[in-house]
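Student: Model the structure of this input:
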Amino acid sequence: MSQTYTAVTQQSDGWWIGWVQETRGINCQERTKAELLNSLKSAVEDMLEVNRKVAIQRAEEGEYQTVSISV
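Tutor: This is a model prediction of the structure:
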């Protein structure tokens, strides 16, 4: 499943800095805009993987289901 996120970016003092609008705590800084977008993408992927693992670990104490939801 592919999900789209919004990167808010700006150039400041020779650096590109950015945040992911739909999440808390994901921000990066890189020398080029392309590097910044790559870093933000990797950070979102890492965050989603950690969240998946935590959710499953918490649910493993009993019977659980995974269900897709659309927003």
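Student: Of all residues in this protein, which one is nearest the centre?
Tutor: Taking CA atoms, centre = their mean, the centroid of the chain lies closest to Val44, which sits 1.7 Å from it.
Student: same for the helix or strand containing that residue, what does it pack against?
Tutor: Assigned by DSSP states H and E, Val44 falls within helix 33-59. Judged by 3 or more CB pairs under 8 Å, 6 or more residues apart in numbering; DSSP states H and E, helix 33-59 is in contact with strand 7-12, strand 15-20, strand 27-30. Where you see a C-beta, it was placed from the backbone N, CA and C, and this is true even at glycine.
Student: which neighbours does the last one have in its sheet, and in what orientation?
Tutor: If I follow you right, that is strand 27-30. If you go by DSSP bridges, strand 27-30 pairs up with strand 15-20 (antiparallel).
Student: Give me the buried positions along the partner strand.
Tutor: Using 16 or more other CB atoms under 10 Å as the test for burial, strand 15-20 gives 16, 18-20.
Student: Give me the contacts around it.
Tutor: With contacts defined as CB atoms under 8 Å, 6 or more residues apart in numbering, strand 15-20 is touched by 5-11, 26-33, 35-37, 40, 43-44.
Student: Try it again at 10 Å.
Tutor: 5-11, 25-37, 39-41, 43-44, 47 (CB atoms under 10 Å, 6 or more residues apart in numbering).
Student: next one: stretch 34-47
Tutor: 3, 5, 7-11, 15-20, 22-30, 32.
Student: give me the low-pLDDT residue ranges for this structure?
Tutor: Filtered on pLDDT under 70, the chain yields the residue ranges 1.
Student: follow-up on the earlier one: would JSON lines of the buried residues of strand 15-20 with distance to Thr66 be doable?
Tutor: Output for those, formatted as JSON lines (distance: CB to CB, whole Å):
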{"residue": "Trp16", "distance to Thr66": "36"}
{"residue": "Gly18", "distance to Thr66": "31"}
{"residue": "Trp19", "distance to Thr66": "29"}
{"residue": "Val20", "distance to Thr66": "24"}
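Student: In stretch 3-15, which residues are buried?
Tutor: Buried, per 16+ other CB under 10 Å, within stretch 3-15: Ala7.
Student: gap between the two ends of it?
Tutor: For stretch 3-15, the first and last residues are 27 Å from each other (CA to CA, to the nearest Å).
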